[in-house]
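K.L.:
everything below, folded, please.
(one chain, ligands or ions: 2)
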Amino acid sequence: YPKLFIFDLDGVITDTAEYHYLAWKQLAQSLGVTIDRQFNEKLKGISRMDSLEKILALKPELLTMSMEEKQQLATQKNEYYKTLINQITPKDILPGIEKLLKEIQENKIKIALGSASKNAPVVIDRLGLTNYFDYMVDAAKVKRGKPDPETFTVAADYFGFAYADCIGVEDSAAGIEAINRAGMFSVGIGDSEHLHEADYLVSDTSQLNMDKIIEKFASK
Ligand code: BG6
Ligand code: MG
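P.N.:
Ligands and ions are numbered 1, 2, ... in the order given. Below you'll find the model as predicted:
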């Protein structure tokens with residue numbers, strides 16, 4: 001029986017993955033770079049600065065930029081993003097998510113948030129979900145972001161649980177890789193083109209069911 005569920009936030013609990021994309025698209029535009037949804041898959045799950053580096057790499061002359069200029073651009077993107085998340089309400093919780101959180105809590109399994117986003121506590125608060133989480137990983141304190149397993153192992157270590165007793169839920173390829181490398185059971189939300197390494201894959205959050213996840217976890 002699992003002891004801990006670790007949830008990613010953006011694209012799992014609410015559709016802020018879309019807001020990150022729109023904010024990056026706007027920033028990229030101002031640099032004369034165009035990004036599309038296919039490229040955006042590579043930005044999912046990774047830190048703000050790592051995302052910026054990937055965008056700058058699309059135009060070689062931008063790579064010479066100073067660290068200070070990069071910081072400015074990352075801040076600018078975050079300003080766009082904060083405008084978008086200001087509108088979030090509990091109506092923006094993705095289908096099936098609150099029911100799942102409730103069931104996990106009723107079954108006395110712990111719940112953690114394992115997001116790379118420094119905006120995560122604000123978003124969870126705006127959604128009205130803060131009380132479901134027994135622990136939230138502080139993205140600012142994680143030294144190696146996804147696909148490194150650190151985000152997930154930090155959560156398990158907080159409780160002192162064995163990694164094999166933990167389940168991670170993710171919508172990004174980087175996140176699934178992080179969960180697998182941690183030795184945890186990975187649940188992917190999305191398509192097999194990007195998330196084929198997930199132990200268990202569902203197409204969208206409405207397909208998530210606690211008993212089904214635990215059944216798959218137990219048979220691994
Ligand atoms: C992840 C998102 O959850 O958080 C990424 O999938 C994002 O797209 C990263 O870049 C960092 O978020 P923030 O809010 O700290 O810029
Ligand atoms: Mg995500």
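K.L.:
the residue nearest in space to the middle of the chain and ligand 1: what is the separation?
P.N.:
Centroid-nearest residue in the chain, with C-alpha atoms, centre = their mean: residue 8, separated by 3.8 Å. Going from residue 8 to ligand 1 by C-beta to the nearest ligand atom, to the nearest Å gives 6 Å. C-beta here means a position set from N, CA and C on the backbone, and glycine is covered the same way.
K.L.:
what of residue 103?
P.N.:
24 Å.
K.L.:
pull the number of nearby residues for that residue.
P.N.:
The local packing of residue 103 (other C-beta atoms under 10 Å) involves 14 other residues.
K.L.:
show me what the longest helix seen in the chain is packed against.
P.N.:
Longest among the helix segments of the chain by residue count, using DSSP state H, is helix 67-85. Applying 3 or more C-beta pairs under 8 Å, 6 or more residues apart in numbering; DSSP states H and E, we find helix 67-85 packed against helix 16-30, helix 48-56, helix 120-127.
K.L.:
partner strands of the helix or strand following the last one, with direction?
P.N.:
Translated: helix 120-127. Next in sequence after helix 120-127, counting helices and strands by DSSP states H and E, comes strand 135-136. Next to strand 135-136 in the sheet, as set by DSSP bridges, lie strand 110-113 (parallel).
K.L.:
need the contact partners of the strand it pairs with.
P.N.:
Residues from elsewhere that reach strand 110-113, judged by C-beta atoms under 8 Å, 6 or more residues apart in numbering: 3-7, 9, 101, 104-105, 120, 124, 132-137, 155, 158-159, 161.
K.L.:
beta partners of residue 111?
P.N.:
Those that pair with residue 111 in a beta bridge, by DSSP bridges, are residue 5.
K.L.:
fine by me, thanks again.
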